[in-house]
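Asker: build me a model:
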Amino acid sequence: MPFIVETGSGSTDANAFWGVAEIDAYHLERGNTEWTGDVADKEAAIIRATSVLSNSYQWQGYKRNGRPQALAWPRVDVVDCEGWGVAFDEVPKEIRYATAEIALRELITPGIMTPDFVASEQVKREKVGPLEVEYLNSNTSEDAARPVLLIVRDLIGCLLGNSGGNSLVGQAYRV
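Answerer: Sure thing, here's the model as predicted:
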């Protein structure tokens, strides 16, 4: 399958929100030295990142071209954090930047954003000799298995619909 970047037209065959060259520049500007590899590996990571953003979140508004549109963006009836309307032919910078951040993690560890989850294999309590540990969060939902990337949450939060998205669950506790 060819690597096809969404241009804002609401394509039926796009599979990426941003191109390799743009994401190269994004990570170079931020000093993210782990964004290295051949173009094919980067394209695959970008496609996986785009898939996560398209399928794991509930966004404001509606797809520009309805169900035939391949990706979740561009959309209509969307406003940003400051109340400005997002153009119907735009993939917002927040989505492009989130794509770059997720793609970095996917390049380093392919599949990290979509782990396999088997509830019956989750450990609630472990005992080794006299030591025993019971984990505070025993949430056994598939949503709990997904990593929470705070930078992505911060980038896209205002573009989400009321129901948010399943990758925004979880809390960290220090005991």
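
Asker: secondary structure element holding the nearest residue to Arg48 once chain neighbours are set aside?
Answerer: Once flanking residues are discounted, Arg48 sits nearest to Glu106: 4.6 Å by CB to CB, 6 or more residues apart in numbering. Bear in mind the C-beta positions are built from the backbone N, C-alpha and C, glycine included. Assessed by DSSP states H and E, Glu106 sits inside helix 93-108.

Asker: going by neighbour count, list what's buried in that helix.
Answerer: Using 16 or more other CB atoms under 10 Å as the test for burial, helix 93-108 gives 94-107.

Asker: same list (those) but as TSV, adding pLDDT and distance to Lys127.
Answerer: What follows is the buried residues of helix 93-108, written out as TSV (pLDDT from 0 to 100; distance: CB to CB, whole Å):
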residue	pLDDT	distance to Lys127
Glu94	97	45
Ile95	98	45
Arg96	98	47
Tyr97	98	44
Ala98	98	40
Thr99	98	43
Ala100	98	43
Glu101	97	38
Ile102	97	37
Ala103	98	40
Leu104	98	38
Arg105	96	33
Glu106	97	36
Leu107	98	38
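
Asker: in this protein, which spans are helices?
Answerer: Using DSSP state H, the helices of the chain run over 20-30, 39-55, 93-108, 150-156.
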